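Asks: Pasting the sequence and the predicted model now:
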Amino acid sequence: MRVRISLKRFLYSGLAISALWGCASPAMTPDKRGATLAVDPVAYWPNTVKETSGLAFSADYIWTINDSGGAASLYGFDRKKKKLEAVVKLKGAKNRDWESLAADRQYLYVADCGNNNGKRKQLDLYRVSLASLQAVSKASAGSVDKGSVIAQRSQFSYGDYQKSSGKFSTNFDCEAVTLVEGRLWLFSKNWGDLQTRLYMIEPSVSQQIVQPMMTLPVGGMITGADYNEETHQLALLGYSKVSAFGYSFIWLINVVDGQPDWDHAQYHRLQPYAQWEGIVWEDNGHLLISSESSPLGKQQLARITLPLR
């Protein structure tokens, strides 16, 4: 999600609010705060994906999407070279505000859940067969444009929805979806109170109303999520509401008995600061994250090396 802000407001908001931010979050107890982690650049991506807003793996590709009304397409980057090799259109899909990707062994899911005005009551989820995606991605050798695949659409809404008081103040925005034990976990991006609510979605149900399972005091705005099924560890990516002099962060949370173990969650600031929005586990010790183009830098893919557990 791209936020445009004037230089005067950009600087004022940072100076006026950043001093208050550090002591305002109830999430940050000493036992939860870990070391600041370096973000190491891997590749600067082309302008084709300058609003990259989600990451997911298939056998040969790292997939991403553009948000905010971009084309209804998936963009596949070679997993080794990190270069764009496939653009695949989704039949039957519309990109109103695509924000997140998730994948299991059969399907890739696209979450059209962006809602920074707080006015959307019905949200969309698209499901794409990985076998179909893989087949079309291997076709048309030498061409980046690979054709199209069919997307199955389902819809969901929040059972606790409340009308927003204005733009960038809603607690019913979302940019983070991941798969945990067969269900989609959706984490809200709360502009208003800087927490996140967890909803659980049944991916095979065409119409559903979801209720919040819990609220986590993350102390910022969650922009990405991914779950490692080997280590049972959840990674939440986010950044501060303050634009200037802000910061990015991740939460690392163990999942125990199908629930986030918040009591033992660990928080890490990220350096450098950027508009990081996509996240995926590369392996048990590394995360890949992507940032869209912003005043903080160009669109890129980067790696985080995690501390030993």
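Replies: Nice, thanks for sending it over.
Asks: The nearest residue to residue 38 once chain neighbours are set aside: neighbour count?
Replies: Distances taken as CB to CB, 6 or more residues apart in numbering put residue 271 closest to residue 38, at 5.9 Å, once the chain neighbours are dropped. In short, each C-beta sits where N, CA and C put it, glycine included. Using other CB atoms under 10 Å, the number of residues around residue 271 comes to 12.
Asks: Tell me which residues touch residue 271, please.
Replies: Residues near residue 271 by CB atoms under 8 Å, 6 or more residues apart in numbering: 36, 37, 38, 39.
Asks: run the last query once more with 7 Å
Replies: Neighbour list for residue 271: 36, 38, 39 [criterion: CB atoms under 7 Å, 6 or more residues apart in numbering].
Asks: repeat for residue 132
Replies: residue 149.
Asks: quick one, what contacts residue 192?
Replies: 169, 170, 171.
Asks: scratch that, residue 113 is what I was asking about
Replies: By CB under 7 Å, 6+ apart, the contact set of residue 113 is 99, 100, 123, 174, 177, 186.
Asks: 6 Å - rerun?
Replies: Residue 113 makes contacts with 99, 123, 174, as judged by CB atoms under 6 Å, 6 or more residues apart in numbering.
Asks: Which ones among these map onto strands?
Replies: Residues of these located in strands (DSSP state E): 123, 174.
Asks: Could you point out which of the contacts of residue 271 is nearest to residue 136?
Replies: residue 39 (32.8 Å; CB to CB).
Asks: Once you drop chain neighbours, what's closest to that closest one?
Replies: In space, residue 39 is closest to residue 302, 4.7 Å off (CB to CB, 6+ apart).
Asks: that older thread, write the ChimeraX selection for whichever of the contacts of residue 192 are buried.
Replies: Selecting only the buried entries of the contacts of residue 192 in ChimeraX, with 16 or more other CB atoms under 10 Å as the criterion:
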select :170,171
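Asks: Can I get the contacts of residue 192 in a markdown table including distance to residue 235?
Replies: Output for the contacts of residue 192, formatted as a markdown table (distance: CB to CB, whole Å):
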| residue | distance to residue 235 |
| --- | --- |
| 169 | 27 |
| 170 | 24 |
| 171 | 22 |
